[in-house]
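*Asks:* Please work out how this folds:
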Amino acid sequence: MEKTRVLFVCIHNSARSQMAEAFLNQLGGGKFEALSAGLEPGKLNPLVVEAMQEAGIDISGNATKSVFDFYKRGELFSYVFTVCDEASGERCPIFPGVTQRIHWGFPDPSALIGTHAEKMVKVREIRDMIKAKIAEFVRAVEHGEYHG
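*Replies:* The predicted structure follows:
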């Protein structure tokens, strides 16, 4: 069975898109191939790495990738999700053959202020929002009901 290819894009590929990729690969029942990339790849956010480890997923060895590298290789995806703010998401290239391009805006963990503990509370909230959205997406696709 061919897997449904999904790409998650945010600014630096350091937090939101990495979490979405990991959750879809975990929750997708082997039916999806999830990847992630950034408009301006940076470094993994250590708070996100910590929050994902709490959820039983180790992303510490992940590299950040450029969305434009996927585009230049002519890679095809059934879904491209932008998970950053809408203005940044509009900078994402239009992939050939994309079935659906969808925007899911989530708060940026790199913009959080406060103590480590205060930031972790917010990162966990963002992580859990992303996980819930991914679970909803998987259920809808399985039932042929996903329309963006």
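*Asks:* can you count the residues close to Thr64?
*Replies:* 18 (other Cβ atoms under 10 Å). To be clear about C-beta, it is placed using only N, CA and C from the backbone, and glycine gets the same treatment.
*Asks:* Over to Asn45?
*Replies:* 23.
*Asks:* pretty sure it contacts Pro109?
*Replies:* Yes - when contacts are counted by Cβ atoms under 8 Å, Asn45 is listed as touching Pro109 (5.4 Å).
*Asks:* Spit out the residues that contact the two alike.
*Replies:* Ala15 (Cβ atoms under 8 Å, 6 or more residues apart in numbering).
*Asks:* what's the pLDDT at the most centrally placed residue in the chain?
*Replies:* Nearest to the mean C-alpha position of the chain, counting by Cα atoms, centre = their mean, stands Ser17 at 2.5 Å. Per-residue confidence (pLDDT) for Ser17: 95.
*Asks:* Kindly report the same for the one 10 residues further on.
*Replies:* Reported pLDDT at Leu27 in the predicted model: 96.
*Asks:* do Phe70 as well
*Replies:* With respect to pLDDT, Phe70 scores 87.
*Asks:* Strands of this protein, start to end?
*Replies:* Using DSSP state E, the strands of the chain run over 4-10, 32-38, 79-82, 100-103.
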